[in-house]
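Chemist: Got a sequence here, can you build the structure:
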Amino acid sequence: GMTINYEREVLDYIYADANKQPFVITTITNPLNINTTWSYVFTFYGKQTYGYVPSFWGDNQEGFLGDLPMQQDLNEPPLRYMIIEPEAGIQKHWVDEYTRREDLLSDVIEEKKIGNFTIQKRLFHPDKGK
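Modeler: Numbering: from 1, shown residues only. Down below sits the predicted model:
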């Protein structure tokens, strides 16, 4: 459930749903905090197919392969997608913790499963957590 074909399906779903609007991705990965796979897939498949890449929100990726731009302004763009990799190998408390952190910034609008990936479509709310 974690193949390049499923990864491309994840991107196809996100780009179609975003409808050519800019968006942010945040990820829960194995290993934790390393976004190399998604940076690669968005750069070499997403950009080639759809003409642009998203911003990334998460831990600094300096020193890791990949070059998605880091989101600079939390307010823009408000459309966010959390990609949760298959939880085999990721302890549940980490999934819960990263989801809780994102819940402080945004609300889940929709959740979709593709292979063993979970994608949450989210909308940023500037007043959350106040």
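Chemist: Neighbours of the nearest residue to residue 126 once chain neighbours are set aside, how many?
Modeler: In this structure, residue 126 finds its nearest non-sequential neighbour in residue 75, 5.7 Å apart by Cβ to Cβ, 6 or more residues apart in numbering. For every residue, glycine as well, the C-beta is placed using N, CA and C. Look at residue 75: counted by other Cβ atoms under 10 Å, it has 9 neighbours.
Chemist: Assumed residue 75 was part of a helix.
Modeler: No: read with DSSP: H, G, I helix; E, B strand; the rest coil, residue 75 is coil and lies in no helix.
Chemist: What are the boundaries of the strands in the protein?
Modeler: 24-28, 55-56, 79-84, 106-114, 117-124 (DSSP state E).
Chemist: Next, the angle strand 106-114 makes with the biggest helix by length in the chain.
Modeler: Counting residues, the longest helix found in the chain (DSSP state H) is helix 4-18. Angle of helix 4-18 versus strand 106-114, following axes from the mean of the first three to the mean of the last three Cα atoms, to 10 degrees, is 140 degrees.
Chemist: which residues touch helix 4-18?
Modeler: Residues from elsewhere that reach helix 4-18, judged by Cβ atoms under 8 Å, 6 or more residues apart in numbering: 23, 25, 37-38, 41-42, 45-46, 49-50, 54, 79, 81, 83, 112, 114-117, 119, 121.
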